[in-house]
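Novice: I'll drop the sequence and a predicted model, then ask my questions.
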Amino acid sequence: MKKNTIDELFKSLEGQFDVHQTPDGHQKRFLDRLNSAQEAKPRTNWWRPLSIAASVVVIIGLGFSLLKSPQPSGELASVSPEMEQTQTFFVTTINSEIEKLKSFETPETKVMIEDALNQITNLEEEYQMLKKDLVESGNDKRVIYAMISNFQKRIDLLEQVVVIVEEIKNLKTNDNEITI
(Lines give C-alpha, C1' and ligand atoms only; values in the text may rest on other atoms or scores of the structure.)
Protein backbone atom coordinates (compact mmCIF):
# COMPACT_ATOMS: atom_id res chain seq x y z
CA MET A 1 0.00 0.00 0.00
CA LYS A 2 2.82 2.44 0.84
CA LYS A 3 4.63 1.58 -2.37
CA ASN A 4 1.61 2.57 -4.38
CA THR A 5 1.45 5.91 -2.52
CA ILE A 6 5.11 6.63 -3.23
CA ASP A 7 4.72 5.65 -6.86
CA GLU A 8 1.71 7.94 -7.13
CA LEU A 9 3.67 10.78 -5.49
CA PHE A 10 6.49 10.49 -8.01
CA LYS A 11 4.06 10.32 -10.91
CA SER A 12 2.29 13.45 -9.70
CA LEU A 13 5.61 15.31 -9.30
CA GLU A 14 7.03 14.18 -12.65
CA GLY A 15 8.57 17.03 -14.58
CA GLN A 16 8.88 19.25 -11.51
CA PHE A 17 12.30 18.03 -10.33
CA ASP A 18 15.39 20.18 -10.84
CA VAL A 19 17.55 18.11 -13.15
CA HIS A 20 19.82 20.85 -14.48
CA GLN A 21 23.55 20.43 -14.21
CA THR A 22 25.50 22.65 -11.81
CA PRO A 23 27.94 25.09 -13.40
CA ASP A 24 31.51 23.93 -14.06
CA GLY A 25 33.75 24.36 -11.01
CA HIS A 26 30.84 24.64 -8.58
CA GLN A 27 32.01 21.79 -6.39
CA LYS A 28 35.61 23.07 -6.31
CA ARG A 29 34.48 26.59 -5.32
CA PHE A 30 32.24 25.15 -2.62
CA LEU A 31 35.04 22.98 -1.18
CA ASP A 32 37.52 25.89 -1.32
CA ARG A 33 35.08 28.10 0.56
CA LEU A 34 34.38 25.36 3.12
CA ASN A 35 38.09 24.71 3.70
CA SER A 36 38.89 28.40 4.10
CA ALA A 37 36.08 28.77 6.65
CA GLN A 38 37.46 25.86 8.65
CA GLU A 39 41.01 27.20 8.53
CA ALA A 40 39.88 30.64 9.67
CA LYS A 41 38.47 29.32 12.95
CA PRO A 42 41.21 27.43 14.78
CA ARG A 43 40.06 26.97 18.36
CA THR A 44 41.95 25.36 21.13
CA ASN A 45 40.03 23.96 24.01
CA TRP A 46 42.95 23.54 26.39
CA TRP A 47 40.84 24.06 29.47
CA ARG A 48 38.91 20.79 29.12
CA PRO A 49 41.95 18.48 29.28
CA LEU A 50 43.37 20.70 31.99
CA SER A 51 40.20 20.41 34.08
CA ILE A 52 40.22 16.63 33.59
CA ALA A 53 43.81 16.51 34.79
CA ALA A 54 42.89 18.65 37.78
CA SER A 55 40.01 16.31 38.57
CA VAL A 56 42.37 13.34 38.48
CA VAL A 57 44.70 15.16 40.86
CA VAL A 58 41.73 15.87 43.12
CA ILE A 59 40.64 12.23 43.14
CA ILE A 60 44.17 11.10 43.95
CA GLY A 61 44.33 13.73 46.66
CA LEU A 62 41.08 12.52 48.15
CA GLY A 63 42.46 8.99 48.24
CA PHE A 64 45.47 10.17 50.20
CA SER A 65 43.32 12.28 52.48
CA LEU A 66 41.49 9.14 53.57
CA LEU A 67 44.80 7.70 54.80
CA LYS A 68 45.60 10.72 56.97
CA SER A 69 43.06 13.16 58.37
CA PRO A 70 44.58 16.48 59.47
CA GLN A 71 42.57 18.96 61.51
CA PRO A 72 40.53 21.10 59.12
CA SER A 73 41.26 24.81 58.94
CA GLY A 74 38.54 25.65 56.43
CA GLU A 75 40.86 25.84 53.43
CA LEU A 76 40.93 23.19 50.75
CA ALA A 77 44.71 23.32 50.95
CA SER A 78 44.59 22.04 54.55
CA VAL A 79 43.16 18.68 53.46
CA SER A 80 46.27 17.35 51.71
CA PRO A 81 49.27 18.52 49.67
CA GLU A 82 47.44 17.47 46.48
CA MET A 83 44.45 19.61 47.46
CA GLU A 84 46.83 22.50 48.08
CA GLN A 85 48.15 22.12 44.54
CA THR A 86 44.60 21.87 43.22
CA GLN A 87 43.52 25.00 45.09
CA THR A 88 46.60 26.88 43.87
CA PHE A 89 45.87 25.80 40.29
CA PHE A 90 42.24 26.93 40.45
CA VAL A 91 43.01 30.24 42.15
CA THR A 92 45.76 31.03 39.64
CA THR A 93 43.54 30.12 36.68
CA ILE A 94 40.61 32.15 38.02
CA ASN A 95 42.80 35.19 38.62
CA SER A 96 44.32 35.00 35.13
CA GLU A 97 40.87 34.64 33.54
CA ILE A 98 39.61 37.66 35.50
CA GLU A 99 42.58 39.71 34.29
CA LYS A 100 42.00 38.55 30.71
CA LEU A 101 38.32 39.47 30.99
CA LYS A 102 39.11 42.92 32.38
CA SER A 103 41.53 43.53 29.51
CA PHE A 104 38.65 43.12 27.02
CA GLU A 105 36.47 45.72 28.70
CA THR A 106 34.91 48.18 26.25
CA PRO A 107 31.76 50.25 26.44
CA GLU A 108 29.89 47.48 24.57
CA THR A 109 31.04 44.73 26.96
CA LYS A 110 31.19 46.63 30.24
CA VAL A 111 27.77 45.50 31.50
CA MET A 112 28.44 41.87 30.60
CA ILE A 113 31.83 41.90 32.34
CA GLU A 114 30.41 43.56 35.45
CA ASP A 115 27.64 40.96 35.57
CA ALA A 116 30.18 38.14 35.30
CA LEU A 117 32.27 39.64 38.10
CA ASN A 118 29.14 39.91 40.27
CA GLN A 119 28.43 36.24 39.63
CA ILE A 120 32.03 35.42 40.57
CA THR A 121 31.53 37.36 43.82
CA ASN A 122 28.40 35.31 44.56
CA LEU A 123 30.33 32.09 43.94
CA GLU A 124 33.11 33.35 46.22
CA GLU A 125 30.55 33.94 49.00
CA GLU A 126 29.25 30.42 48.46
CA TYR A 127 32.85 29.18 48.75
CA GLN A 128 33.27 30.99 52.08
CA MET A 129 30.20 29.12 53.39
CA LEU A 130 31.70 25.85 52.13
CA LYS A 131 34.90 26.61 54.05
CA LYS A 132 32.84 26.81 57.25
CA ASP A 133 31.09 23.57 56.34
CA LEU A 134 34.48 21.90 55.80
CA VAL A 135 35.55 22.76 59.33
CA GLU A 136 32.25 21.58 60.79
CA SER A 137 32.13 18.35 58.78
CA GLY A 138 35.73 17.33 59.41
CA ASN A 139 36.89 17.14 55.78
CA ASP A 140 33.72 15.54 54.43
CA LYS A 141 34.26 14.46 50.81
CA ARG A 142 30.97 15.99 49.72
CA VAL A 143 32.07 19.42 50.95
CA ILE A 144 35.44 19.01 49.21
CA TYR A 145 33.68 18.07 45.96
CA ALA A 146 31.40 21.09 46.36
CA MET A 147 34.42 23.36 46.84
CA ILE A 148 36.10 21.98 43.71
CA SER A 149 32.84 22.28 41.80
CA ASN A 150 32.63 25.91 42.93
CA PHE A 151 36.10 26.56 41.50
CA GLN A 152 35.13 24.86 38.23
CA LYS A 153 31.92 26.89 37.97
CA ARG A 154 33.92 30.11 38.30
CA ILE A 155 36.41 29.06 35.64
CA ASP A 156 33.65 27.92 33.25
CA LEU A 157 31.75 31.18 33.75
CA LEU A 158 34.84 33.29 33.09
CA GLU A 159 35.83 31.31 30.01
CA GLN A 160 32.32 31.54 28.55
CA VAL A 161 32.24 35.29 29.05
CA VAL A 162 35.74 35.67 27.53
CA VAL A 163 34.60 33.72 24.44
CA ILE A 164 31.48 35.88 24.09
CA VAL A 165 33.46 39.10 24.54
CA GLU A 166 36.00 37.95 21.94
CA GLU A 167 33.17 37.22 19.52
CA ILE A 168 31.72 40.69 20.12
CA LYS A 169 35.16 42.17 19.48
CA ASN A 170 35.51 40.16 16.25
CA LEU A 171 32.05 41.16 15.06
CA LYS A 172 32.80 44.80 15.74
CA THR A 173 36.09 44.50 13.84
CA ASN A 174 34.32 42.81 10.91
CA ASP A 175 31.56 45.46 10.87
CA ASN A 176 34.17 48.22 10.64
CA GLU A 177 35.95 46.64 7.68
CA ILE A 178 35.24 47.98 4.23
CA THR A 179 34.51 45.31 1.66
CA ILE A 180 35.08 45.86 -2.04
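Specialist: Thanks, I have it.
Novice: which neighbouring elements make contact with the strand or helix carrying A54?
Specialist: Taking DSSP states H and E as the definition, A54 sits inside helix 47-67. Helix 47-67 makes packing contacts with helix 81-103, helix 141-176 when contacts are defined by 3 or more C-beta pairs under 8 Å, 6 or more residues apart in numbering; DSSP states H and E. Every C-beta, even on glycine, is put in place using the N, C-alpha and C of the backbone.
Novice: mean pLDDT and mean neighbour count for the ones you listed - can I get that in TSV?
Specialist: Below are the helices and strands packed on helix 47-67 laid out as TSV (pLDDT from 0 to 100; neighbours: other C-beta atoms under 10 Å):
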stretch	mean pLDDT	mean neighbour count
helix 81-103	86	16
helix 141-176	85	15
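Novice: now the ones you listed as TSV including distance to Q128?
Specialist: Formatted as TSV, these follow (distance: least, C-beta to C-beta, whole Å):
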stretch	distance to Q128
helix 81-103	14
helix 141-176	10
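Novice: between these, which one is closest to L50.
Specialist: For L50, the closest of the helices and strands packed on helix 47-67 is helix 81-103, at 8.0 Å, according to C-beta to C-beta.
Novice: after the closest one, which helix or strand is next? Please name it.
Specialist: Heading C-terminal from helix 81-103 (DSSP H and E), you reach helix 110-137.
Novice: helices or strands up against that next one?
Specialist: Packing contacts for helix 110-137, counted by 3+ C-beta pairs under 8 Å, 6+ apart, involve helix 81-103, helix 141-176.
Novice: wait, what's in contact with E105?
Specialist: I113 (C-beta atoms under 8 Å, 6 or more residues apart in numbering).
Novice: quick one, phi/psi of F104?
Specialist: Dihedral angles of F104 (phi, psi; degrees, to the nearest 10) stand at phi -90, psi 0.
Novice: gap between it and D156?
Specialist: For F104, the distance to D156 equals 17 Å [C-beta to C-beta, to the nearest Å].
Novice: quick revisit: so which of the helices and strands packed on helix 110-137 is nearest S12?
Specialist: S12 sits nearest to helix 141-176 of all the helices and strands packed on helix 110-137, at 46.8 Å, using C-beta to C-beta.
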